[in-house]
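>>> Below are the sequence and a predicted model; questions follow.
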Amino acid sequence: MYKIIDEKLGLASCRLSDLTIQQVNCILNQFEDNAPIDTLTLFYDKRADIVVLNSDNKDFDIYLGLAEAFLKADRKKAQEFVDKIPFECGETLEVLRDAKRARKIKEELRINGHQGIVGCNGTYLRDVFNEIIRKSVGFSHTMILMSQAYTYGVIQGKREERARRKGGATHA
């Protein structure tokens, strides 16, 4: 279905006629009202984790160069693109930025998946987690709990670093 352009960058192309009705509808839902599908420059297929350029677009080569440069760019260079690229390319850059963000999140979750489980019953950390949960009663928003647990993790990381510098042990 997609013609791979650069596997490492997760970049491919396809013709509009190669898209399924479901894909077209999904893409159109992301477009501004009444925008014709033939103005599509590229889209991000999150399921396949690939940026797909419209090979039917008359400016395909320009958008290909832009996508390659943006996807290779570090955070600072990517922001320079955003600041310098003409307004007409704004939606294209937004799609590319969303793709980079989704990939970064995917990588963070992959790394996190290799870490051990903490906070088991009978541990000090479990007591801290339980206290965070107890104090959050009445708040139904999971993000508050996650934020507090994350902040506690940052605090513990700083404590561990200080203890490492002093040559001491940590407590957790």
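Structure's in. What do you need?
>>> Could you check how far the worst-scoring helix or strand of the chain on mean pLDDT is from the centre of its chain?
For the chain, using mean pLDDT, DSSP states H and E, the weakest element among its helices and strands is helix 21-30, scoring a mean of 79. From the chain centre to the centre of helix 21-30 is a distance of 21 Å (CA atoms, centre = their mean, to the nearest Å).
>>> do the same with stretch 125-140
Stretch 125-140 has its C-alpha centroid displaced from the chain centroid by 28 Å (CA atoms, centre = their mean).
>>> Give me the buried positions along that stretch.
Judged by neighbour count (16 or more other CB atoms under 10 Å), stretch 125-140 contains these buried residues: 128-129, 132. C-beta here means a position set from N, CA and C on the backbone, and glycine is covered the same way.
>>> just stretch 97-114 next, same as before
Residues 97, 99-100, 103 are the ones in stretch 97-114 that count as buried (16+ other CB under 10 Å).
>>> Which secondary structure element is home to Ala12?
For Ala12, the host element (DSSP states H and E) is strand 11-14.
>>> other SSEs contacting that strand?
Where contact means 3 or more CB pairs under 8 Å, 6 or more residues apart in numbering; DSSP states H and E, strand 11-14 is packed against strand 3-6, strand 50-54, helix 60-72.
>>> Mean neighbour count, these: which tops it?
With neighbours defined as mean count of other CB atoms under 10 Å, those peak in mean count at strand 50-54, which reaches a mean of 24.
>>> Doesn't Tyr44 lie inside a helix?
No - when DSSP: H, G, I helix; E, B strand; the rest coil is applied, Tyr44 is found to be strand, with no helix at that position.
>>> isn't it right up against Ala102?
Yes - under the criterion of CB atoms under 8 Å, Tyr44 makes contact with Ala102 at 7.1 Å.
>>> Looks to me like Arg164 is in a strand.
No - read with three-state DSSP, Arg164 is helix and lies in no strand.
>>> This completes my enquiry, with thanks.
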